[in-house]
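Novice: Just the structure for this:
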Amino acid sequence: MSSRRRKPQNRGRQPQVAGRLDLWRPVPELPPTKPIVPSTEPAAMLRSLGDPPLQGQGAVAEHYLAAVIERASGLATALAATADLLGQPSSD
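Specialist: This is a model prediction of the structure:
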């Protein structure tokens, strides 16, 4: 058997170069940040959706998903605190 290689289809064509972008151009100043208030119940939205659609594993899956959401919420709260962006919950 002989092995024939395919010829490149774009032979003779020049690759198209995207337009150049000046990375060091001045950018507009960002608006002031608002305080970040941590949620008292981070997994509330997850529970509002009902059990995950996993046959026979809905309750277990909900537990693990809630654990991930609560961990992410804790890390986000810690990050906000280190950046002095942590706000206090309103008394409403």
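Novice: Let me know the pLDDT of the residue nearest the centre of the chain.
Specialist: The C-alpha lying nearest the average C-alpha coordinate of the chain belongs to residue 72 (C-alpha atoms, centre = their mean; 11.1 Å). Residue 72 is assigned a predicted lDDT (pLDDT) of 96.
Novice: quick one, phi/psi of it?
Specialist: phi -60, psi -40 (degrees, to the nearest 10).
Novice: I'd like the distance between it and residue 54.
Specialist: Applying C-beta to C-beta, to the nearest Å, the value for residue 72 to residue 54 is 21 Å. (Glycine included, C-beta is placed from N, CA and C.)
Novice: Next: residue 22.
Specialist: Applying C-beta to C-beta to residue 22 and residue 54 gives a distance of 50 Å.
Novice: between these two, who's got more neighbours?
Specialist: residue 54 (11 against 6; other C-beta atoms under 10 Å).
Novice: contacting residues for the residue lying closest to that one once chain neighbours are set aside?
Specialist: Distances taken as C-beta to C-beta, 6 or more residues apart in numbering put residue 61 closest to residue 54, at 5.0 Å, once the chain neighbours are dropped. Contact analysis of residue 61 by C-beta atoms under 8 Å, 6 or more residues apart in numbering lists 51-52, 54.
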